[in-house]
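Colleague: Sequence and computational prediction follow.
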Amino acid sequence: MSSRRTDRSLASLLLAQRLVDSHAEPLGPKEFWAVVTAVGEPERLLPGSTSSGDSHVFSSELTERIARRMASATSLAFELERLEQSGLSVLSALDDDYPATLRDRLSCTPSATLTCWPKAASASSVPAMRMRRPSVWPPP
């Protein structure tokens with residue numbers, strides 16, 4: 001991941017990350033992909049976005065949860081910087097460096113975030129990954 005993270009990447013990480021405390025439960029893979037598909041551009045969810053909101057309607061509970069997730073943007077940015085300086089790379093499923101084979105194999109349910117070590121040089125050379133809640137694939 002380049003040292004300059006895009007708003008798209010930051011917004012998608014905020015939805016599902018478990019790196020910093022938030023006042024709302026992270027979105028699971030199915031929820032994450034449903035929101036990304038509905039919104040189209042997750043960066044529109046960031047506080048202060050110049051976009052005119054979202055024409056899609058989520059439940060009031062999910063709307064509040066997303067808003068609370070987005071509120072940790074500053075904390076997450078500092079944590080991502082700290083991790084990058086220590087040699088770790090955190091990838092969003094919407095980043096160009098996210099392994100395409102993983103995204104392709106898992107269709108609409110790949111993990112929204114990957115923590116890689118050492119810092120990933122390219123999508124084809126991710127040597128180690130950690131998933132918060134690994135599961136058996138395919139599901140039973």
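Modeller: Yes, it's here.

Colleague: Tell me which helix or strand in the protein has the weakest average pLDDT.
Modeller: Ranking every helix and strand in the chain by mean pLDDT, DSSP states H and E puts strand 129-130 at the bottom, with a mean of 50.

Colleague: Could you list the low-pLDDT ranges of this protein?
Modeller: The model of the chain has pLDDT under 70 over residues 1-3, 50-57, 108, 117-140.

Colleague: Which residue would you name as the spatial centre of it?
Modeller: Centre of the chain computed as the mean C-alpha position; nearest residue by CA atoms, centre = their mean is Leu13, 2.6 Å away.

Colleague: all helices for the protein, in order.
Modeller: 7-16, 29-39, 60-70, 73-85, 100-105 (DSSP state H).

Colleague: Just the C-alphas of the shortest one, formatted as CSV.
Modeller: I take that to be helix 100-105. Provided in CSV are the C-alpha atoms of helix 100-105 (Å, rounded to 0.1, in the frame of the first residue of the first chain):
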residue,chain,number,x,y,z
ALA,A,100,-7.1,-10.8,-6.8
THR,A,101,-7.1,-14.5,-6.4
LEU,A,102,-8.6,-14.2,-2.9
ARG,A,103,-11.3,-11.8,-4.1
ASP,A,104,-12.1,-14.1,-7.1
ARG,A,105,-12.2,-17.3,-5.1
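
Colleague: buried stuff in that helix?
Modeller: Applying a neighbour-count criterion of 16 or more other CB atoms under 10 Å, the buried positions in helix 100-105 are Leu102, Arg103. For every residue, glycine as well, the C-beta is placed using N, CA and C.

Colleague: Show me what it is packed against.
Modeller: Packing contacts for helix 100-105, counted by 3 or more CB pairs under 8 Å, 6 or more residues apart in numbering; DSSP states H and E, involve no helix or strand.

Colleague: Check the second one too.
Modeller: In this structure, helix 29-39 packs against helix 7-16, helix 60-70, with contacts taken as 3+ CB pairs under 8 Å, 6+ apart.
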